[in-house]
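**Student:** next comes the sequence, and after it the predicted model I'd like to discuss.
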Amino acid sequence: MGTTIRRSQGGRLARRIGGRTLIYAALSVWAFIALFPIYWTVSTSFKVARDVTGSHIIPWLDFTPKWLGWRSLGLSPETIFQTSTVREEFLLRFFNSVVASGGAALIAVVIGSLAAYGLSRFEYKFGPWRNKDISFFFLSQLILPPVVLALPFLILYKELALLDTKIGLVLIYTLMVLPIVIWIMRDQFNGIPMELEQAAYVDGATTWGAFLRIVLPIALPGMAAAFILAVILCWNEYFFAALLTSTDAKTLPVMVASQTGSQGIDWWTMAALSTAAIAPLVLIGIFLERWIVKGLTAGAIK
């Protein structure tokens with residue numbers, strides 16, 4: 001009897017170890033697939049032409065790292081303290097991306113949180129539409145291809161003198177990420193018990209008072225996650241930035257795409273520029289991971 005029990009326990013342990021091994025193996029393969037493009041971009045920024053065309057991958061084994069790509073941006077150790085017009089342009093485009101992404105994300109979180117709170121706590125009726133229909137309408141805006149809006153926005157921005165302005169980018173980026181923010185925040189507010197607000201009403205609080213003093217502090221992790229996600233989406237946006245800007249308000253994605261010239265593509269320069277562009281997003285993911293995970297999972301627990 002004892003031998004049978006030990007064999008059964010040993011079999012379950014072996015299956016458990018085998019299952020975990022398969023899971024970790026699958027996760028390792030997926031991590032490699034997801035991270036390899038970033039590794040390729042970073043390594044290419046330290047290559048020269050023959051290393052790029054030769055598909056060399058491992059530094060110091062396949063190729064000797066050089067500062068060619070970073071030198072062309074004025075960001076190599078020997079040029080960082082020298083005057084560089086390319087570095088000045090990069091810093092300007094970086095600043096434009098920060099202003100456009102941060103401003104749009106902030107406005108979207110403020111407006112989206114108010115809209116999501118209304119959809120979560122109050123019942124609306126616009127003809128045959130109810131709350132679920134309104135929420136789906138916001139989400140359906142993500143299905144619309146951006147190219148469909150190209151001509152209307154181009155004409156509108158020309159009439160309003162918003163072409164090649166950071167304010168114009170902030171406005172259109174806000175419209176772009178607002179549906180996602182509304183859906184994230186609606187789930188956050190749905191996960192907060194209404195009894196907390198009702199208790200505040202009994203104590204004499206108004207609707208705004210209950211929202212600002214009770215609901216808002218609880219929903220802050222979700223707002224932080226929505227803000228970070230909105231910043232990432234705006235930071236990587238290329239279509240509208242290329243369409244509506246020309247000189248003053250160009251962002252980093254447009255600058256990266258402009259590295260294609262008559263002589264071909266300077267892969268090392270483009271890789272160095274891309275590495276510098278994605279570095280802030282990587283740092284956000286590393287240092288704010290706890291906020292992102294906490295915010296996105298907060299609505300799943302009531």
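**Tutor:** That came in fine, so what should we check first? Numbers count the residues shown, from 1 in each chain.
**Student:** show me the shaky parts of this protein.
**Tutor:** Scanning the chain for pLDDT under 70 picks out the ranges 1-11, 13, 261-264, 291-292, 294-302.
**Student:** and the next element down the chain from the helix or strand harbouring residue 178?
**Tutor:** Taking DSSP states H and E as the definition, residue 178 sits inside helix 166-190. Toward the C-terminal end, the helix or strand that comes next after helix 166-190 (DSSP H and E) is helix 194-202.
**Student:** who are the packing partners of the helix holding residue 178?
**Tutor:** Helix 166-190 makes packing contacts with helix 85-121, helix 131-140, helix 216-235, helix 239-244, helix 289-298 when contacts are defined by 3 or more CB pairs under 8 Å, 6 or more residues apart in numbering; DSSP states H and E. Bear in mind the C-beta positions are built from the backbone N, C-alpha and C, glycine included.
**Student:** rerun that using 6 Å as the cut-off
**Tutor:** Judged by 3 or more CB pairs under 6 Å, 6 or more residues apart in numbering; DSSP states H and E, helix 166-190 is in contact with helix 85-121, helix 131-140, helix 216-235.
**Student:** buried residues in it?
**Tutor:** If you call a residue buried by 16 or more other CB atoms under 10 Å, then helix 166-190 has these buried ones: 166, 168-174, 176-189.
**Student:** now the helices and strands packed on helix 166-190 as CSV including mean neighbour count and distance to residue 204?
**Tutor:** Written out in CSV, the entries for those read as follows (neighbours: other CB atoms under 10 Å; distance: least, CB to CB, whole Å):
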stretch, mean neighbour count, distance to residue 204
helix 85-121, 19, 18
helix 131-140, 14, 28
helix 216-235, 21, 18
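**Student:** domain assignment for the chain?
**Tutor:** Taking automatic domain parsing as the domain assignment, the ranges for the chain are 2-72, 85-298.
**Student:** and residue 215, how many residues sit next to it?
**Tutor:** Neighbour count of residue 215, defined by other CB atoms under 10 Å: 21.
**Student:** if you could redo that for residue 84, that was the one I meant.
**Tutor:** Using other CB under 10 Å as the criterion, residue 84 is surrounded by 18 other residues.
**Student:** quick check, central residue of the protein?
**Tutor:** residue 232 (2.1 Å; CA atoms, centre = their mean).
**Student:** what's the closest non-adjacent residue to that residue?
**Tutor:** Using CB to CB, 6 or more residues apart in numbering and skipping residues adjacent in sequence, the residue nearest residue 232 is residue 281, 5.8 Å away.
**Student:** name the helix or strand for that neighbour, please.
**Tutor:** When elements are defined using DSSP H and E, residue 281 is found to belong to helix 267-287.
**Student:** convert that helix to PDB, retaining C-alpha atoms only.
**Tutor:** Coordinates of each C-alpha in helix 267-287 appear next as PDB, following Å, rounded to 0.1, in the frame of the first residue of the first chain:
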ATOM      1  CA  TRP A 267      21.300  51.100 -40.700                       C
ATOM      2  CA  TRP A 268      23.800  51.900 -37.900                       C
ATOM      3  CA  THR A 269      22.500  55.500 -37.600                       C
ATOM      4  CA  MET A 270      18.900  54.300 -37.700                       C
ATOM      5  CA  ALA A 271      19.600  51.600 -35.100                       C
ATOM      6  CA  ALA A 272      21.300  54.100 -32.800                       C
ATOM      7  CA  LEU A 273      18.400  56.500 -33.200                       C
ATOM      8  CA  SER A 274      15.900  53.800 -32.600                       C
ATOM      9  CA  THR A 275      17.700  52.600 -29.500                       C
ATOM     10  CA  ALA A 276      17.700  56.100 -28.100                       C
ATOM     11  CA  ALA A 277      14.000  56.400 -28.900                       C
ATOM     12  CA  ILE A 278      12.900  53.200 -27.200                       C
ATOM     13  CA  ALA A 279      15.200  53.600 -24.200                       C
ATOM     14  CA  PRO A 280      12.600  55.800 -22.300                       C
ATOM     15  CA  LEU A 281       9.900  53.100 -22.900                       C
ATOM     16  CA  VAL A 282      12.200  50.400 -21.600                       C
ATOM     17  CA  LEU A 283      13.000  52.400 -18.500                       C
ATOM     18  CA  ILE A 284       9.300  53.000 -17.900                       C
ATOM     19  CA  GLY A 285       8.600  49.300 -18.200                       C
ATOM     20  CA  ILE A 286      11.400  48.400 -15.800                       C
ATOM     21  CA  PHE A 287      10.800  50.900 -13.000                       C
END
